[in-house]
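Undergrad: Provided below are the primary sequence and the corresponding predicted coordinates.
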Amino acid sequence: MKKEKKQYNPIWLKQENFWYNLWKAVKSPWRPAKEDIKFYEKIVKKVVKKNKNPKVLVLGSTPEIRDMLAKYKTIEVTLIDLNIPVSRAMTRLMKRKNPREKLIPGNWLKMDQLFPRNYFDIVIGHGNFENIKIEKHDLFYINIKHLVKKNGYVIMARGCLDSCLKNPITFKQVVEKYKKNPEYFKNFVNRIFMLYRLADEPGVYDYKAQGLKFHILLKKLIQEAKKQGLSDRAVKDLCWTPGLGANTYYIEVDIATEKKLKSMLQKHFKIISLHHLKYHPVAEPAADYVYNFILKPKK
Ligand SMILES: C[S@@+](CC[C@H](N)C(=O)[O-])C[C@H]1O[C@@H](n2cnc3c(N)ncnc32)[C@H](O)[C@@H]1O
């Protein structure tokens, strides 16, 4: 009898396509720039030189990181992601195939149960640490620390609020800018980075929780847009945020300040180096939005 091929859930396929189309249009700093990847690759080369069969754990499924790792035939790559459709979408955005890559569906907060201790030479993630609430970061870091070898590396690329706080903007100014140049806001990087710069406005950023209250930000933005006479269509364009409603991660966006970030990290890791992009071609202040940390576990 002919073996029936297992059908991929159509709801998952819809989600996968949504993320594929969304992520295709996303650029740095929400996806790593070439310069970021070069910085990570320096560490990868070091590890490849020293180890016969290095093991790398990718938190999430960032295509650019996986493309870079695929160049090294001795590396065993493991991805860990809760969301299979997102991960499949990211795979479709890769330029190389990697037969040495394995996806483990799982939670980063419980992943120390999935692998032996001190198993990985590198644990790496880009732009996904913001998906975890700040009060859970200790647990997240403990999980990473258990899995990475004593002489291994953690490459942590994450947004930091300081670049937005250094370039504050008001709701009134955002809407005025939109009226002058709606085209500028069609670019995802421009629009979201502009909205993050509203962090300094009252009630938008919660310093204790280290998170942007995105629903409050949007409510106030809509109020201002209506006050300045924007059409419903324009309000929608200005406020559109991917995943909002469909994916609760984005209702509250957890972006820590540099001070808090460093103090939290130093409990578990030694900061070896920190790198920012020198220049961002789209939204200039976004260049130092992503903090690329190279860490070593404190064991
Ligand atoms: C913005 S999305 C994808 C882009 C991202 N650069 C990446 O790493 O793939 C973030 C991903 O993190 C995953 N994620 C969020 N919290 C997670 C957790 N606690 N454990 C495992 N994966 C998680 C989501 O499932 C999603 O696929």
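TA: Right, received. Where do you want to start?
Undergrad: Mind telling me which residue of the stretch 51-200 of the chain is nearest the ligand?
TA: In the stretch 51-200 of the chain, the residue that lies nearest the ligand is residue 60 (2.0 Å; CB to the nearest ligand atom). Where you see a C-beta, it was placed from the backbone N, CA and C, and this is true even at glycine.
Undergrad: isn't that residue right next to residue 125, touching?
TA: Yes: with contact defined as CB atoms under 8 Å, residue 60 reaches residue 125; the gap is 5.6 Å.
Undergrad: Check which helices and strands the helix or strand where residue 46 lies is in contact with.
TA: Counting by DSSP states H and E, the element that carries residue 46 is helix 34-50. Using 3 or more CB pairs under 8 Å, 6 or more residues apart in numbering; DSSP states H and E as the contact test, the elements touching helix 34-50 are helix 63-70, strand 120-126, strand 148-159, strand 290-297.
Undergrad: on that earlier part again, what's the neighbour count on the nearest residue to the residue of the stretch 51-200 of the chain closest to the ligand once chain neighbours are set aside?
TA: If the residues on either side of it in the chain are set aside, residue 60 comes closest to residue 128, at 4.2 Å by CB to CB, 6 or more residues apart in numbering. For residue 128, the count of nearby residues is 18 (other CB atoms under 10 Å).
Undergrad: cool, residue 136 as well?
TA: Count around residue 136 with other CB under 10 Å applied: 12.
Undergrad: ok, now residue 213?
TA: Neighbourhood size, residue 213 [other CB under 10 Å]: 18.
Undergrad: repeat for residue 81
TA: 21.
Undergrad: That one touches residue 105, doesn't it?
TA: Yes: assessed by CB under 8 Å, residue 81 is found in contact with residue 105 at 6.8 Å.
Undergrad: The protein against the ligand: which residues are in contact?
TA: Residues of the chain lying near the ligand by CB under 6 Å from any ligand atom: 60-62, 80-83, 86-87, 90, 107-109, 126-128, 131-132.
Undergrad: if you set the cut-off to 8 Å instead, what comes out?
TA: Counting by CB under 8 Å from any ligand atom, the chain comes close to the ligand at 19, 23, 30-31, 58-63, 80-83, 86-87, 90, 106-109, 111, 125-128, 131-132, 140, 243, 249.
Undergrad: Nearest residue to residue 139 in space, please, no chain neighbours.
TA: Nearest in space to residue 139, with sequence neighbours left out and distances taken as CB to CB, 6+ apart, is residue 109 at 5.4 Å.
Undergrad: Can you classify the one you found by secondary structure?
TA: What DSSP: H, G, I helix; E, B strand; the rest coil gives for residue 109 is coil.
Undergrad: Could I get the contacting residues of it?
TA: Residues in contact with residue 109 (CB atoms under 8 Å, 6 or more residues apart in numbering) are 132, 136, 139, 140, 143.
Undergrad: count of residues packed around the last one?
TA: Neighbour count of residue 143, defined by other CB under 10 Å: 22.
Undergrad: hang on, it packs against residue 111?
TA: Yes: contact criterion CB under 8 Å: residue 143 and residue 111 qualify, at 5.3 Å.
Undergrad: Now for the protein, the helix or strand with the poorest mean pLDDT.
TA: In the chain, the helix or strand scored least confidently by mean pLDDT, DSSP states H and E is strand 252-253, which has a mean of 70.
Undergrad: Grab the nearest non-local neighbour of the spatially most central residue of the chain.
TA: In the chain, the residue lying closest to the centroid (CA atoms, centre = their mean) is residue 127, at 1.6 Å. Of all residues not flanking residue 127 in the chain, residue 30 sits nearest, at 5.9 Å (CB to CB, 6+ apart).
Undergrad: phi, psi of residue 197?
TA: Backbone torsions for residue 197, taken as degrees, to the nearest 10, come to phi -70, psi -10.
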